[in-house]
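[1] generate a structure from the sequence data that follows.
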Amino acid sequence: MKPTIRDVAEKANVSVATVSRVLNGTANVNKKKKHKVEIAIEELGYRPNFIARSLSKKNTNTIGLILPSIVNPFFNEIAEAVEKTAHSRGYKVILCNSSNDEEKEKHYIRSLIQNQIDGFVIISDNKGESNIKVPVVYLDRYSVDMDQKHPIIRSNHYQGGYKAATHLIEKGCSKIAYIGKKKLHEDKDERIDGFIDAAENAGVDWESIYCEYNYDSGSKGISELFRRRVDIEGIFAGNDLIAYAVIREAFDRNIKIPEELQLVGYDDIMFSKLLTPALTTIAQPVKALGKLAVDVIIDILDNNNYVSDDIVLPVNLVRRNTTKKDEV
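    Have a look, this model is predicted:
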């Protein structure tokens, strides 16, 4: 016979309720008792019946995470933060890669809802599926369908763009350029708005080249920039992958970084500190974004505590070797 939750409780010498709390992650359990339960589960080979639990509790302790790309390391780091927090609170995560395709994204949402998903964390530039009946948290997104009142958790991208341009200017750049995505929403401040405002406030010459947030598109963008302008002294790349393309193009053209061209990226993904030269970049609070998204989802599920306002987290400039050192 398959072991039951009562067998686990007897072996661990705790109550059935304690075993249930350990399995569900719904309440704090004394560390010693929790450890005893985990050992009993392992030794007995107990596997909870999630279908039966979902019927009784009307949930599956499962969160859907929809990402626009699994190639971009930034989204991998977001996924890790979401999964780690969810696991610590007794939830599983189902990861879906939408490839930034609106129809594919809608398909995943509908499919997971049919399978009794408890809620979603979604990163998307698309309008997305309307009338979602389970809790949703949007990450790194500016606006959603106004008929929906879902929380939005994002970094302060305006602040990031402003910091990047200001740093280039403070390092002596009088001709600077932005390479990255166009503005997605005219009524919202994004990283390009911050860049432009900082440049215009300082009275420096600026240029913009638009491309997607990936290496190949960034390569085309930097080639286009150098065709237009040979006098650019500083570049703000819309993400670190584009910055890598700038470093490669500069190397191929024998342009020295940071002596002849200074560069600031965006995201601070793990490879940025491993490059030569190591990348100066704007760091997003990835772990905080992922943790907060899960915490908000579970708060909604447990307490029906909906929030609809933007939650905006600050970003930081990480100074490395693609911009000049401070003079002593």
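
[2] map the structural domains onto the sequence of the protein.
    Domain assignment for the chain by automatic domain parsing gives 5-48, 61-155+286-313, 157-284.

[3] mean pLDDT added to those domains, as CSV?
    Formatted as CSV, these follow (pLDDT from 0 to 100):
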stretch, mean pLDDT
domain 5-48, 81
domain 61-155+286-313, 86
domain 157-284, 95
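
[4] residue 325 is nearest to which of the ones you listed?
    domain 157-284 (8.5 Å; C-beta to C-beta). Bear in mind the C-beta positions are built from the backbone N, C-alpha and C, glycine included.

[5] ranges for the strands of the stretch 51-200 of the chain?
    Under the criterion DSSP state E, counting those that start in this stretch, the stretch 51-200 of the chain contains strands at 62-67, 92-97, 119-122, 136-139, 152-155, 175-180.

[6] save the ones you listed as JSON lines, and put in mean neighbour count and distance to residue 314 too.
    Shown next, in JSON lines, are those (neighbours: other C-beta atoms under 10 Å; distance: least, C-beta to C-beta, whole Å):
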{"stretch": "strand 62-67", "mean neighbour count": "24", "distance to residue 314": "23"}
{"stretch": "strand 92-97", "mean neighbour count": "16", "distance to residue 314": "26"}
{"stretch": "strand 119-122", "mean neighbour count": "26", "distance to residue 314": "21"}
{"stretch": "strand 136-139", "mean neighbour count": "24", "distance to residue 314": "16"}
{"stretch": "strand 152-155", "mean neighbour count": "21", "distance to residue 314": "8"}
{"stretch": "strand 175-180", "mean neighbour count": "24", "distance to residue 314": "20"}
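
[7] so for residue 16, which of those sits nearest?
    Here strand 92-97 is closest among the strands of the stretch 51-200 of the chain (C-beta to C-beta), at 22.2 Å.

[8] so how far is residue 298 from the residue lying closest to residue 94 once chain neighbours are set aside?
    Nearest residue to residue 94, sequence neighbours excluded (C-beta to C-beta, 6 or more residues apart in numbering): residue 64, at 5.1 Å. Going from residue 64 to residue 298 by C-beta to C-beta, to the nearest Å gives 14 Å.

[9] sorry, back to before: wait, the residue nearest to residue 94 touches residue 97, no?
    No - in this structure, residue 64 is not within contact of residue 97 by C-beta atoms under 8 Å, at 11.9 Å.

[10] got the contact list for the residue nearest to residue 94?
    Neighbour list for residue 64: 93-94, 96, 108-109, 112, 117, 119-121 [criterion: C-beta atoms under 8 Å, 6 or more residues apart in numbering].

[11] if we go to 6 Å?
    Applying C-beta atoms under 6 Å, 6 or more residues apart in numbering, we find residue 64 in contact with 94, 112, 117, 120.

[12] then residue 217?
    Per C-beta under 6 Å, 6+ apart, neighbours of residue 217: residue 211.

[13] mind starting the numbering at 369 from now?
    Right, with 369 as the first residue, what we last looked at is residue 585.
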